[in-house]
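Chemist: no FASTA, just this:
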């Protein structure tokens, strides 16, 4: 039975959660992270709770059983984090103009060259960096634990327009298709004397010869694509059925509940800090 | 030494997929060669090795005194022109004349030489009357001739045509045959990939058969199209008239229509051409 | 059997063009017939297909005079999607017919049924039947973008057949395929003949048209210059002067006749050629014995 073979098989209950529940988790995680970022007064201007909050998404990834995939996908984000942190910490002296920055560390390398670690820059860099890291990593968790078709199916069955869902799904596949197509076009242009490798100026010259066929090709292909979709009843008024069955895994309520709980605690804490 | 030499050439894609397996071939200057075989036999990979779109993972590809390894595709393109299967991968100008003039312009030839080459290419391909049109106003099968013209205008010694007959009608096929004949008479070395056995049998004195990443036959149309085990291995068929003559046991290794007419007429007792 | 499509004196212009792509065309498509549409490039073959299916004018817009009736009702009067269940359509480029949202061949073929709301327990059977008919069941779990062109084109055929349309329009299905892929597609088309479907096929490979079609419509510059039985039309050497290729066997037959060979009729298929030329040769052999 092919219908059974195409179903999504997941043994981990958190990984197998309803994608919409996962979206709620993303939302609550985000909100909590934002509130935590603003709690800095008791900590000399740092926001350490936000750094710890990052451990929560790691714990979530481990519990979901996707540790390896998660960290692999996170590599780019981590390098962005490091760059942001370094740039901020060593360049931004102070938040208010005219005020002298607090020096945490200064290294006298040469007479006119002494890299300085600024307190304000470090605080700012950490806050910004962890904002990026937390925000990105929860999405990494979502997409590493959820198939695109799972997510789109869940959204469609919740009433999202099927055309929007189609655009989302097909553009993901189209990226690969267009990538291959641009390779072919690049080859076709190299074969008539256009250099596509070398310094930036050489590459810039190859821009038009490769982009024009790519765009025109995409437009001409579009016509056949649209008509094919039409032939497959894409805009038929009947109610659609789905071969893909999505069942709840049972972990939705406890896990989402946990994140609501965490958010509530953090919000109460925030309010108490204001009031007290 | 021949003008084009492939010496024990293999090509493996970066993923590890072997597309051409230890092939050797020599093509003399001015030869007119067809390569036939099913998709996946290694035809396109082989011709891409000729203009350095691929570099051999084993062996060497020599074009005259050039070893392709030492040159970029763009450099080799001055000597080996390549018409891609899909014209829409190449065309990016808004008039046909600009598209055809692009190659000579890139080569920084003198102005009058550029004009001369472009004109020649436009007339040879029948595109002259459309020269101020936008290529996209013409049907795909005609756009193919725009890309053929733009390669002819580069005046390379060697020209490669990848599936020029795909999607062409009767008139297009005839025009294509004429272009190939003219270029061949001008001494160009031509290498054409085609799935159309009738077209190949009619217009190419030498045919290379590829199957499963290797060259399995190389010879005249008679040699190739009457070697039935080879055709079977390559999953190809004899041209229609050859099939008929084979079934009827008429003539000696018939390839072309006129030969078939002669042989059958003879078998029917009509001794000479009455016409 | 009655006419399933009636073309009533249509003239059609694409938007922003003066010259009609189709001119004064009238004919009928009989139920269960197999029609080959031939003609030079740019003669209007694809436009005619689009008109029969109603893509023109509904999608392409443009200006249509006269009307195309499908089951006695003008194409312009059908609702969106309604004709998909009556007329299947297979395009030239197999690649462009992949939805781009399904991971396996099986799901790709099932996509149309999902869209039309066919109950899930019915889908499996219908898809399996369509895969068997097009000989791609072994590819069911493969990725649509990763199979060969011939296989993709058969998948496109399956995606259409699964909707069980009574009429099928196939527009140059093999122009991008190698001989093996072409043959595999035509094998499927041949089995369609037995399913009593009405088939309308545009194809340049005239020898295949001669083999499979029953009726021929010859277009040139948007006009039908011939409509009729394939035996009459494809054996007519005058078509060559119109820029239309004859089947190799017909060309051979005509040239043999010119040479004085006494052929009973002009063959258009291999079987006919073997029959009629074989007879001519053995007749000569007999006369030799008599003398």
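Modeler: Good, I have the coordinates. Because the structure is predicted, anything quoted here is derived from the model rather than measured. Numbering: from 1, shown residues only, chains lettered A, B, ... in the order given.
Chemist: the strands in the stretch 1-150 of chain C, which residues?
Modeler: With DSSP state E, counting those that start in this stretch applied, the stretch 1-150 of chain C shows strands at C:3-13, C:22-30, C:34-38, C:63-70, C:73-74, C:87-90, listed in chain order.
Chemist: between these, which gets nearest to residue A:249?
Modeler: Proximity to residue A:249 (CB to CB) singles out strand C:87-90 among the strands of the stretch 1-150 of chain C, at 39.7 Å. For glycine as for every other residue, the C-beta is placed from the backbone atoms N, C-alpha and C.
Chemist: what about that closest one and chain B, touching?
Modeler: No. In terms of CB under 8 Å from any CB of the partner chain, no part of strand C:87-90 sits within range of chain B; the closest distance is 15.8 Å.
Chemist: looks to me like residue B:7 is in a strand.
Modeler: Yes. Using DSSP: H, G, I helix; E, B strand; the rest coil, the assignment for residue B:7 is a strand.
Chemist: quick check, pLDDT for it.
Modeler: Here, the pLDDT recorded for residue B:7 equals 93.
Chemist: check contacts around it.
Modeler: Counting by CB atoms under 8 Å, 6 or more residues apart in numbering or on different chains, residue B:7 touches B:24, B:59-62.
Chemist: run the last query once more with 7 Å
Modeler: For residue B:7, the contact set (CB atoms under 7 Å, 6 or more residues apart in numbering or on different chains) comprises B:24, B:59-60.
Chemist: quick check, nearest of the residues you listed to chain A?
Modeler: Chain A lies nearest to residue B:60 out of these, by CB to the nearest CB, at 20.0 Å.
Chemist: ok, back up a step: most neighbours out of the contacts of residue B:7, which is it?
Modeler: Compared across these, residue B:59 has the highest neighbour count, 17 neighbours, by other CB atoms under 10 Å in any protein chain shown.
Chemist: ok, longest helix in the chain?
Modeler: In the absence of a named chain, chain A is used. Across chain A, the longest stretch assigned as helix under DSSP state H is helix A:162-190.
Chemist: actually chain C
Modeler: Max-length helix for chain C by DSSP H is helix C:270-290.
Chemist: and that helix, how far out from the chain middle?
Modeler: 34 Å (CA atoms, centre = their mean, to the nearest Å).
Chemist: ditto for stretch A:56-64
Modeler: Taking mean C-alpha positions (CA atoms, centre = their mean), stretch A:56-64 and its chain are 16 Å apart.
Chemist: next, the buried residues of it.
Modeler: Residues of stretch A:56-64 classed as buried by neighbour count (16 or more other CB atoms under 10 Å in any protein chain shown): A:56-57, A:60-61, A:64.
Chemist: then stretch C:148-168?
Modeler: Result for stretch C:148-168 [16+ other CB under 10 Å]: buried residues C:148-163, C:165-168.
Chemist: same question for stretch B:187-207.
Modeler: Those would be B:188-204, B:206-207, for stretch B:187-207 by 16+ other CB under 10 Å.
Chemist: ok, it near chain A or not?
Modeler: No. Judged by CB under 7 Å from any CB of the partner chain, stretch B:187-207 and chain A are separated, with a smallest distance of 13.3 Å.
Chemist: which parts of the chain are helices?
Modeler: Unless you meant another one, I'm taking chain A. In chain A, the helices defined using DSSP H lie at A:2-5, A:19-37, A:48-64, A:67-91, A:119-145, A:148-157, A:162-190, A:200-205, A:207-231, A:252-275.
Chemist: the chain in question should be chain B.
Modeler: For chain B, applying DSSP H gives helices covering B:43-50, B:73-76, B:96-106, B:111-125, B:140-152, B:170-185, B:197-203, B:221-225, B:228-234, B:240-248, B:257-267.
Chemist: which residue packs closest to residue A:224, ignoring adjacent ones?
Modeler: What sits nearest to residue A:224 in space, not counting adjacent residues and going by CB to CB, 6 or more residues apart in numbering or on different chains, is residue C:96, at 4.0 Å.
Chemist: just checking, that neighbour touches residue A:222?
Modeler: No. Look at residue C:96 against residue A:222 with CB atoms under 7 Å: they stay out of range, at 8.5 Å.
Chemist: looking at those two, which is more packed in?
Modeler: Each of residue C:96 and residue A:222 has its neighbours counted (other CB under 10 Å); residue C:96 has more, 19 against 11.
Chemist: quick check, pLDDT for that one.
Modeler: 89.
Chemist: same question for residue A:193.
Modeler: pLDDT, read off for residue A:193, is 84.
Chemist: how far away is it from chain B?
Modeler: Distance, residue A:193 to chain B, by CB to the nearest CB, to the nearest Å: 4 Å.
Chemist: can you list the residues of the stretch 1-150 of chain B near chain C?
Modeler: Residues of the stretch 1-150 of chain B found near chain C (CB under 7 Å from any CB) are B:38-39, B:139, B:141.
Chemist: what's the most distant pair in those residues?
Modeler: Going by CB to CB, the pair spanning the residues of the stretch 1-150 of chain B next to chain C furthest: B:38 and B:139, at 27.4 Å.
Chemist: what's the neighbour count on the closest residue to residue B:258 other than its chain neighbours?
Modeler: Using CB to CB, 6+ apart and skipping residues adjacent in sequence, the residue nearest residue B:258 is residue C:255, 8.0 Å away. Residues lying near residue C:255 (other CB under 10 Å) number 19.
Chemist: columns pLDDT on top of the contacts of residue B:7, output as TSV?
Modeler: Output for the contacts of residue B:7, formatted as TSV (pLDDT from 0 to 100):
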residue	pLDDT
B:24	95
B:59	94
B:60	94
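Chemist: which residues does the nearest residue to residue B:113 once chain neighbours are set aside contact?
Modeler: The shortest distance from residue B:113 to any non-neighbouring residue, by CB to CB, 6+ apart, is to residue B:104 (7.3 Å). Applying CB under 7 Å, 6+ apart, we find residue B:104 in contact with B:114, B:117-118, B:153-154.
Chemist: just among those residues, which is most surrounded?
Modeler: In terms of neighbours by other CB under 10 Å, the contacts of residue B:104 top out with residue B:153 at 29 neighbours.
Chemist: on that earlier part again, just name the most buried of the helices of chain B.
Modeler: Most buried of these, by mean neighbour count (mean count of other CB atoms under 10 Å in any protein chain shown): helix B:140-152, with a mean of 25.
Chemist: what's the angle between that helix and helix B:111-125?
Modeler: 140 degrees (axes from the mean of the first three to the mean of the last three CA atoms, to 10 degrees).
Chemist: what's helix B:140-152 packed up against?
Modeler: In terms of contacts (3 or more CB pairs under 7 Å, 6 or more residues apart in numbering or on different chains; DSSP states H and E), helix B:140-152 is packed against strand B:80-83, helix B:96-106, helix B:111-125.
Chemist: so what strands line up beside the first one?
Modeler: Listed by DSSP bridges, the sheet partners of strand B:80-83 and their directions read strand B:158-162 (parallel).
Chemist: please consider this matter closed, and thank you.
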